[in-house]
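no sequence on hand, only this structure:
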């Protein structure tokens, strides 16, 4: 039997750790991170990478805050209490908008589950038969003959709902629709990240880049062939050319394209979260994310 | 002498009064309005129209809040104290991001003014010679032989900076670059607005609309000819089809195109401010705002 596998293109987007440095209060920092998480989900971004832009801010603390809030948002509501302890960084997560993606299901009762459905869950107990997993309904699902660490977040596929609720461990890669983003903190800066071999296609956004429509054919040709794409964004006060220059590198040499997705911008600067939504919208509409 | 006049296309965008109803606190309402104001400025929108979406919220209060905050943002920093009294709605304007448009100049000293420069000002005194106008530098500019009401916001063109600072009244229409947006509260709903004769081209955004790229040629043909364009957005919980249906009208009949600018969205809903940035980005990149 011939199995045709349609492998989804993986989109990673890179944002600078100083993205939240232009607002002083944690509440607005949280809102800003929330917008970036929402943008990632709306457009199906697979990975958000927080890179070190070598600014004077505290990389460790800022990157940790950004990653924690993004991960919190990406976690289904019903697992948040199990996976996140009360931490000062999470003080304002109440203002975060819900993602409302397929992996954040609203159904809360086992009776509403369907066989074959995927759910995110957390391992809450071990039994002689296997492990019990909280999947956000009133009773846990059994994954038979399996050993997994308590507290581990996993993806499961529902196997049986009549009588005993059972599921099996699933690989998120097998799920045919968007299943959230992962968050990576990259200790290096953007140039260093872009030089990494992980990406088939690397695109930087900059107001000094080429207007996307003028190089659309060249970008589209590479885009269609790429299995992994990196889209990079600069910081509120300093763009990617300057960020990469701080590393002693040249942006034009470390990425395949530097594109301007907001030609003729009327404001002196575009903030990172605005650029993220705008650029992902343009890529999605004309290249397909 | 032949004068070629390149008349700029005027873009109006319509947002529902209930746009801020999905966040309870004034601080987040203010932030949400701030994003919409920023998007308008980034992409050079000329007018933001707040329409009545016939939801159960308090139209008068919400429309007033949205319009007041948008107008506050659009006012150059140096005129805000003269033009806005302390009002409860403005409690959180401190978190609004600056627009950083050409009509919000940073220069604060008369010595940094240039002859021929445009500035926004407020009439602060009458003299025998004319009116004195605060234009955000240490001394007022004189507009000679002119009578204008005290407290009126006007646009001026600097005439003389050596010795006496003088200016003349200017028409914002003559300014060759983006000069901010105006804010209109429309007491009717969107269908009613779109039926208005003001607009050469009316575009509604909806996830049920046609994917923009599939009708790009038809949209572009109308776009190029249009002097006035209306771009409409729905509410967080209810889209434009439903909003117009509440008026007893059919969206497809009151606008020229219903477009989906976010094909394949991975989230159940897209919030208005997200849709505004995404849609304006797509229109700007591929049609030119």
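That came through, no problem. All values derive from a computational prediction rather than experimental measurement. Residues are numbered from 1 along each chain as shown, chains lettered A, B, ... in the order given.

strand partners of the lengthiest strand in chain A, parallel vs antiparallel please.
Secondary structure assigned by DSSP state E gives strand A:201-211 as the longest strand of chain A. Within its sheet, and counting by DSSP bridges, strand A:201-211 is paired with strand A:228-232 (parallel), strand A:257-260 (parallel).

just the helices in the stretch 151-289 of chain A please.
Assigned by DSSP state H, counting those that start in this stretch, the stretch 151-289 of chain A shows helices spanning A:190-194, A:216-225, A:240-245, A:251-254, A:272-286.

export those helices as a markdown table, with columns for distance to chain B and mean pLDDT.
C-betas here are computed from N, CA, C, even on glycine. A markdown table is the format used below for the helices of the stretch 151-289 of chain A (distance: least, Cβ to the nearest Cβ, whole Å; pLDDT from 0 to 100):
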| stretch | distance to chain B | mean pLDDT |
| --- | --- | --- |
| helix A:190-194 | 22 | 97 |
| helix A:216-225 | 9 | 96 |
| helix A:240-245 | 18 | 97 |
| helix A:251-254 | 21 | 98 |
| helix A:272-286 | 4 | 97 |
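
can you put these in CSV and add mean neighbour count?
Formatted as CSV, the helices of the stretch 151-289 of chain A follow (neighbours: other Cβ atoms under 10 Å in any protein chain shown):
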stretch, mean neighbour count
helix A:190-194, 24
helix A:216-225, 14
helix A:240-245, 22
helix A:251-254, 17
helix A:272-286, 25
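
wait, residue A:9 touches residue A:225, no?
No: contact between residue A:9 and residue A:225 fails when scored by Cβ atoms under 8 Å: they sit 9.6 Å apart.

contacts only, for residue A:19.
Going by Cβ atoms under 8 Å, 6 or more residues apart in numbering or on different chains, residue A:19 touches A:32, A:33, A:36, A:66, A:233, A:235, A:236, A:272, A:273.

need the buried ones from these selected in ChimeraX.
With 16 or more other Cβ atoms under 10 Å in any protein chain shown as the criterion, this ChimeraX line picks the buried residues out of these:
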select /A:32,33,36,66,233,235,236,272,273
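
which residues of the stretch 101-250 of chain A lie near chain B?
Proximity of the stretch 101-250 of chain A to chain B (Cβ under 8 Å from any Cβ of the partner chain) is limited to residues A:101, A:102, A:177, A:178, A:211, A:212, A:213.

in JSON lines: those, plus pLDDT, neighbour count and distance to residue A:253.
Formatted as JSON lines, these follow (pLDDT from 0 to 100; neighbours: other Cβ atoms under 10 Å in any protein chain shown; distance: Cβ to Cβ, whole Å):
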{"residue": "A:101", "pLDDT": "94", "neighbour count": "22", "distance to residue A:253": "36"}
{"residue": "A:102", "pLDDT": "93", "neighbour count": "17", "distance to residue A:253": "39"}
{"residue": "A:177", "pLDDT": "91", "neighbour count": "11", "distance to residue A:253": "37"}
{"residue": "A:178", "pLDDT": "95", "neighbour count": "22", "distance to residue A:253": "33"}
{"residue": "A:211", "pLDDT": "96", "neighbour count": "14", "distance to residue A:253": "21"}
{"residue": "A:212", "pLDDT": "95", "neighbour count": "23", "distance to residue A:253": "20"}
{"residue": "A:213", "pLDDT": "94", "neighbour count": "17", "distance to residue A:253": "24"}
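
which among those gets closest to chain B?
Relative to chain B, the closest of these is residue A:178; by Cβ to the nearest Cβ it sits at 4.0 Å.

and the pLDDT at the residue nearest to the closest one when sequence neighbours are not counted?
Nearest non-adjacent residue to residue A:178, counting by Cβ to Cβ, 6 or more residues apart in numbering or on different chains: residue B:266, 4.0 Å away. Predicted confidence (pLDDT) for residue B:266: 95.

residue A:7 now?
The confidence metric pLDDT takes the value 69 at residue A:7.

spatially central residue in chain A, please.
The centroid of chain A falls nearest to residue A:181 when counting by Cα atoms, centre = their mean (3.1 Å).

can you tell me the closest non-neighbouring residue to that one?
Spatial nearest neighbour of residue A:181, excluding adjacent residues (Cβ to Cβ, 6+ apart): residue A:40 at 4.8 Å.

for stretch A:158-167, buried residues please.
Buried, per 16+ other Cβ under 10 Å, within stretch A:158-167: A:158, A:159, A:161, A:165, A:166, A:167.

average pLDDT across it?
Taken as a whole, stretch A:158-167 carries a mean pLDDT of 94.

start and end of stretch A:187-197, how far apart?
Terminal residues of stretch A:187-197 are spaced 16 Å apart (Cα to Cα, to the nearest Å).

so what touches it?
For stretch A:187-197, using Cβ under 8 Å, 6+ apart, the contacting residues are A:14, A:16, A:49, A:51-54, A:186, A:202, A:204, A:230, A:232, A:240, A:243-244, A:246-247, A:249, A:251, A:254-255.

now stretch A:107-122
So stretch A:107-122 is contacted by A:75-76, A:78-79, A:82-83, A:103, A:105, A:133-139, A:141, A:151-161, A:165, A:167, A:170, A:175, A:179 (Cβ under 8 Å, 6+ apart).

mind redoing it with 7 Å?
With Cβ atoms under 7 Å, 6 or more residues apart in numbering or on different chains as the contact definition, stretch A:107-122 has outside contacts at A:76, A:79, A:82-83, A:103, A:105, A:133-139, A:141, A:151-161, A:165, A:170, A:175.

could you pick out the buried ones from these?
Buried, going by 16+ other Cβ under 10 Å: A:76, A:79, A:103, A:105, A:133-137, A:141, A:154-159, A:161, A:165, A:170, A:175, out of the contacts of stretch A:107-122.

before we move on, what SS does residue A:13 have?
Here residue A:13 is recorded as strand under DSSP: H, G, I helix; E, B strand; the rest coil.

do I have it right that it meets residue A:48?
Yes: between residue A:13 and residue A:48 there is a contact at 5.8 Å, judged by Cβ atoms under 7 Å.

identify the contacts common to the two.
residue A:40.

next, the contact list for residue A:76, please.
Residue A:76 neighbours (Cβ under 7 Å, 6+ apart): A:103, A:104, A:120, A:136.

now residue A:29: how far from chain B?
11 Å (Cβ to the nearest Cβ, to the nearest Å).

that residue belongs to a strand?
No: going by three-state DSSP, the assignment for residue A:29 is helix, not a strand.

so what's the residue count around it?
Residue A:29: 21 surrounding residues under other Cβ atoms under 10 Å in any protein chain shown.

what's the closest non-adjacent residue to it?
Leaving aside its chain neighbours, residue A:29 sits nearest to residue A:20 (4.2 Å; criterion: Cβ to Cβ, 6+ apart).

that neighbour: neighbour count?
Counted by other Cβ under 10 Å, the residues lying close to residue A:20 total 26.

pLDDT wise, what is it at?
Per the predicted model, pLDDT is 94 at residue A:20.

isn't it up against residue A:68?
No: with contact defined as Cβ under 7 Å, residue A:20 does not count as touching residue A:68 (12.0 Å).

which stretches of the stretch 101-250 of chain A form strands?
Ranges of strands in the stretch 101-250 of chain A, per DSSP state E, counting those that start in this stretch, are A:118-126, A:130-134, A:141-144, A:153-160, A:166-169, A:182-186, A:201-211, A:228-232.

on that earlier part again, what's the closest of the buried residues of stretch A:158-167 to chain B?
Checking these against chain B with Cβ to the nearest Cβ, the nearest one is residue A:158 at 20.8 Å.
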